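In: Give me coordinates for this.
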Amino acid sequence: MRTKKPSILIVDDEKNTREGLARALRLSYDVRLAENGARALARLDEAPADVVLSDMRMPEMDGLTLLRRLRARTPQPVVILLTAYGSIEAAVEAMKEGAYDFLTKPVNLDRLELLLKRALSSRAMEHENRRLREQLEPERSVKRIVGRSAAIRQVIDTVRQVAPSRATVLLEGESGTGKELVARALHQLSPRADGPLVAVHCAALTPTLLESELFGHERGAFTGAHDRRPGRFELADGGTLFLDEIGEIDAATQVKILRVLEERRFERVGGRETLDVDVRVVAATNRDLRALVAAGEFREDLYYRLHVVSIRIPPLRERAEDVPLLAHRFLKEFAVENGKAIEGFTTDALEALQHYAWPGNVRELRNAVEQMVVLARGGRLTLRDVPAAVRGAGSAAAVPAAVPPSPPAGAPPVSIEAAEREAIERALEACGGNRVEAARRLGISRRTLHRRLDAYGLRERFPRRGGGEAGSEANA
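Out: Residues are numbered from 1 along each chain as shown. Below you'll find the model as predicted:
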């Protein structure tokens, strides 16, 4: 089987120069010729080239202009420029704009052969690196979802299963749980990974601005609309549109989004032309959409269009075993960012982080670790470095496995103490009053459980059982 020769396009307005170079290179390369920049672009439209060898000084379109035109093409050829001694400064400037190298005239053929081999080797390596990045990027997107708890593993498994489909996905979870991270993983693992991922934070815009942001507008559609502007649906064509906080959109916009999901078409604000789009929608909400539907605040038909596949992102308090992993990840990130050599956390500092309820979820933990790193004075983060609000809550906030679900929107807030008391009661009831098993399920020590029973007046309701449990607790 014959190996395909690398292709070279020689561009020079001097016939003798381009034909002389062609004779010297034809044995090892597939050579084509062009007498000017315009002809070179036309030849590349017919077939791409691995290398473009171009003169700097040519009429109409010089080598620098040609270089700029080639940098906008896909795939981009390697560009080597030929220049006279008086134009070396211009050739160096061209290298700053992306040229691989330059040669002075008359051309030294040995030097040219060596330069071509290096350029082609560099191009091959660049293509291989790009191919590997494209293969690894989907897995990187999943690995950014940090955790080994059963709850987060279930999320990752569902993402892997759902991503290749065209189905609309609804991500449900409290603020700060990482819904955008999951949306990005869904996109990167899908057949649309080469297309755009466009995000819109619906709660941050007024209804009028949101409509324009989503669907675009025509010139003169409203005051300040001086030019036509494409919307996010248009920009996401062929890719994924992430609609964050979908529960905050107004009724009129809900109708328009429903139409796009059903018909894959829409009109810009102030426009009459109907545009067709191929967009996969991933929506997210920190509100109970079913409750909003029941209250008449969210369209039921839109809810079911969005709810084709639903993924619940668990709050951090339900996966306390992931806190150390996340904390170390953030420590590494912020230590590098702030130029600090910090080895890790002391045991009591890590326990304080793990026992806090984290109402702001992963986002709050990330901010807390950043604060600790910035203010740290030693080589390890200690309990003293833990933010006072976190440190003050102590282990009383530790309810990782049995915290009741978040109350529906509009319900009065539940205190951490009330949530913990309910979690302890539920755990003990589920374990038949076995304190050892209840403590294990709650993810706290038996000593901590005993203190909580006293604090909440639950010791008489759940008396210590005899036998093995009493012996175990006596040694706790």
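
In: I'd guessed residue 456 sits against residue 424; true?
Out: Yes: using CB atoms under 8 Å, residue 456 is in contact with residue 424, at 7.0 Å. The way it works is simple: take the backbone N, C-alpha and C, and place the C-beta from them, glycine included.

In: of those two, who's got more company?
Out: residue 424 (24 against 16; other CB atoms under 10 Å).

In: tell me which element residue 366 falls in.
Out: helix 361-375 (DSSP states H and E).

In: partners of the helix or strand following that helix, with directions?
Out: Once the chain leaves helix 361-375, the next helix or strand it forms, by DSSP H and E, is strand 380-381. According to DSSP bridges, strand 380-381 forms sheet pairs with strand 344-345 (parallel).

In: Mind giving me the packing neighbours of the helix or strand just after the strand it pairs with?
Out: The helix or strand immediately downstream of strand 344-345 is helix 347-355, counting by DSSP H and E. Under the contact definition 3 or more CB pairs under 8 Å, 6 or more residues apart in numbering; DSSP states H and E, helix 347-355 sits against helix 323-337, helix 388-393.

In: how distant is helix 347-355 from the center of its chain?
Out: 29 Å (CA atoms, centre = their mean, to the nearest Å).

In: Give me the mean pLDDT for that helix.
Out: Helix 347-355 comes out with an average pLDDT of 92.

In: Okay, angle between that helix and helix 361-375 too, please.
Out: Counting by axes from the mean of the first three to the mean of the last three CA atoms, to 10 degrees, helix 347-355 points 150 degrees away from the direction of helix 361-375.

In: Now helix 347-355: buried residues?
Out: 349-355 (16 or more other CB atoms under 10 Å).

In: and the gap between the residue nearest to the spatial centre of the chain and residue 454?
Out: With the centre of the chain defined as its mean C-alpha position, the nearest residue by CA atoms, centre = their mean is residue 184, 4.3 Å away. To residue 454, residue 184 is 46 Å away according to CB to CB, to the nearest Å.

In: The stretch 351-476 of the chain: helices as residue ranges?
Out: 361-375, 388-393, 416-430, 435-442, 446-455, 468-474 (DSSP state H, counting those that start in this stretch).

In: Can you pull the phi and psi angles for residue 10?
Out: Here is the backbone geometry of residue 10 (degrees, to the nearest 10): phi -100, psi 120.

In: Count the neighbours of it for me.
Out: 25.

In: care to break the chain down by domain?
Out: 7-128, 144-312, 316-397, 416-474 (automatic domain parsing).

In: Give the helix, strand or coil label for residue 341.
Out: coil (DSSP: H, G, I helix; E, B strand; the rest coil).

In: mind listing what it touches?
Out: Taking CB atoms under 8 Å, 6 or more residues apart in numbering, we find residue 341 in contact with 335, 379.
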